[in-house]
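Colleague: Structural data only, the sequence is not supplied:
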């Protein structure tokens, strides 16, 4: 188990670096955000997690046109992913619109 | 082709970081959201058109149709939803993202059975995706009121832990032995879904924002895992950003409620039994009417309004703004005191009041308003309960003991508008209502406040 883990790190050194650096970026970017903006922020971050849609599209692009199981699962995955992305960004925008309206 | 797509992904990744950063400041937040959305659009369009493979037109049509359907539904929900329903909507969208990650894993598993690294990421993606999906749906149900009660099976902590250990062993077995069985794969998905339900069901309504934030973070991790699978940097970085940001937010919310993450997940909160006889010991309550309350407020120098979720439920945000304007016109110094967890999510109350055009600088945060209560003539509590409960200071037995609260009892007089004497969202009795300085203004918030405004107009 330990060997496999080390092997994974060895084979994916770049990804491991990026992963760890991204964690720090995420923490640093969010750290000083005022409580007032927590709700839009959560909603915005939620929309960002819809980036999984890229994977769903890849599933469909890689699928054999006769593989109906893969196509249907991929189709549903794309629909759900887009829902997350479009709904998430739109609702965040609506919330932030309200903050802006102040004189 | 490869380099163009990679540059698109790089640009998208940068927009995510910049967008998230800009979301942290009120002036730049809206722009930040749009920048991140543009980057996401680029990544999606790039993935579809710049891949350089031969793909059958049928697949393009299907992808286009899926995107169209998802966009229309997502857009419609987003523009129609009421601001009060925001937390449960975030939860619902989040669940969809998780489901998407799980579905991707289902398709990819059989192609990667022989590669232990790939199948590990796939199996983790399925499990995390499934947990976030079912967990988010339960959270959504709890917040919109369709799942009211806190359901706790006996020994739920032990059972939940056993289930999660079981999932890990099951997954390790599938990866280790390279099991190529769709049946077992779906069984794993099913157990993940069951765990999500078991995980969220026992958690009380008051802790739901923390849970949503945590699940949000998990969806990010699921996206990042899928990114590892495809060696796709935009998914990896985007997912990790959401994952780490979500954890920070979760911890910030826990702090605001003076709870540890452990106690949210494993603790018994929101379902604490209240012994019926307890109320009598707290003394008697005094009720008032709109006209007396209006007179008091008319002659006050300083009034602080404490809005809670009940205000939003009664759709009284606009009336309270009217009341505040009326009092200001009469020369009263009016402020809103905003508890960090007022509403159903941190910052939720700010959104709701902003919706009714309340001036940004009239909203004062807890740390700044607390020292001001001693020279406040009247505090008007509307639809808030737990955030003004003195038990947080003086009753070690209370489940909210230690939670930072608004110290409204320091004010000269307190008027509490409430529908009835029912306990608050967290289900805890509030001795503030029995305080000799407190008058209760019973009734629906909208009706009571409209009456108050009418009375003030006549003065």
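Modeller: Thanks, I have the structure now. Note that this is a predicted model, so its numbers are computed, not measured. Residues are numbered from 1 along each chain as shown, chains lettered A, B, ... in the order given.

Colleague: I would like the residues contacting stretch A:53-62, please.
Modeller: Outside stretch A:53-62, the residues that touch it by C-beta atoms under 8 Å, 6 or more residues apart in numbering or on different chains are A:70-71, A:73-75, A:77-78, A:80-82, A:84-85, B:43-44, B:47-48, B:51, B:53, B:55, B:59, B:62-63, B:66, B:100-101, B:103-104, B:107-108, B:223, B:226-227, B:229-230, B:232, B:234-235. All C-beta spots, glycine's among them, are computed from the backbone N, C-alpha and C.

Colleague: which residues in the stretch 151-300 of chain B form helices?
Modeller: B:156-177, B:182-200, B:208-230, B:233-256, B:261-266, B:278-281, B:290-298 (DSSP state H, counting those that start in this stretch).

Colleague: Please point out which parts of the first one sit buried.
Modeller: When neighbours are counted by 16 or more other C-beta atoms under 10 Å in any protein chain shown, the buried residues of helix B:156-177 are found to be B:156, B:160, B:163-164, B:167, B:170-171, B:174-175.

Colleague: Check the second one too.
Modeller: Neighbour counts over helix B:182-200 (16+ other C-beta under 10 Å) mark B:185, B:188-189, B:191-193, B:195-196, B:198-200 as buried.

Colleague: Out of the residues you listed, which is nearest to residue B:127?
Modeller: residue B:192 (4.6 Å; C-beta to C-beta).

Colleague: Pull the number of nearby residues for residue 87.
Modeller: By default, I'm working from chain A. The local packing of residue A:87 (other C-beta atoms under 10 Å in any protein chain shown) involves 29 other residues.

Colleague: wrong one, I was asking about chain B
Modeller: If you count neighbours by other C-beta under 10 Å, residue B:87 ends up with 24.

Colleague: try residue B:70
Modeller: 26.

Colleague: would you say it is within a strand?
Modeller: No. Secondary structure of residue B:70 (DSSP: H, G, I helix; E, B strand; the rest coil): helix, not part of a strand.

Colleague: wouldn't it be in contact with residue A:77 here?
Modeller: No. Using C-beta atoms under 8 Å, residue B:70 is not in contact with residue A:77; the gap is 10.0 Å.

Colleague: May I have the residues that are in contact with the residue positioned nearest the centre of chain A?
Modeller: Chain A has residue A:49 as the residue nearest its centroid, 2.2 Å off, counting by C-alpha atoms, centre = their mean. Counting by C-beta under 8 Å, 6+ apart, residue A:49 touches A:84, B:94, B:97, B:216, B:219-220, B:222-223, B:238-239, B:242.

Colleague: distance of the residue lying closest to residue B:242 once chain neighbours are set aside from residue B:314?
Modeller: Distance criterion C-beta to C-beta, 6 or more residues apart in numbering or on different chains; nearest residue to residue B:242, sequence neighbours excluded, is residue B:220 at 2.8 Å. Computed as C-beta to C-beta, to the nearest Å, the residue B:220 to residue B:314 distance reads 35 Å.

Colleague: more crowded one of those two?
Modeller: Neighbours around residue B:220 and residue B:314, counted as other C-beta under 10 Å, are more numerous at residue B:220. The numbers are 33 against 22.

Colleague: Just the pLDDT for that one.
Modeller: pLDDT recorded at residue B:220 is 94.

Colleague: ok, it to residue B:75 distance?
Modeller: 23 Å.

Colleague: Same question for residue B:2.
Modeller: From residue B:2 to residue B:75 the distance is 33 Å (C-beta to C-beta).

Colleague: Who has more neighbours out of the two?
Modeller: Higher neighbour count among residue B:2 and residue B:75: residue B:75, with 17 against 9, using other C-beta under 10 Å.

Colleague: And what about the more buried one, helix, strand or coil?
Modeller: helix.

Colleague: can I assume it is in contact with residue A:88?
Modeller: No. If you go by C-beta under 8 Å, residue B:75 and residue A:88 don't touch, sitting 11.0 Å apart.

Colleague: thinking again about what came up before, what would the buried residues of helix B:156-177 look like in a markdown table with distance to chain A?
Modeller: Formatted as a markdown table, the buried residues of helix B:156-177 follow (distance: C-beta to the nearest C-beta, whole Å):
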| residue | distance to chain A |
| --- | --- |
| B:156 | 27 |
| B:160 | 24 |
| B:163 | 22 |
| B:164 | 19 |
| B:167 | 17 |
| B:170 | 16 |
| B:171 | 13 |
| B:174 | 15 |
| B:175 | 10 |
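
Colleague: Same list (the residues you listed) but as a markdown table, adding pLDDT.
Modeller: Converted to a markdown table, those look like this (pLDDT from 0 to 100):
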| residue | pLDDT |
| --- | --- |
| B:156 | 76 |
| B:160 | 83 |
| B:163 | 89 |
| B:164 | 90 |
| B:167 | 93 |
| B:170 | 92 |
| B:171 | 91 |
| B:174 | 89 |
| B:175 | 88 |
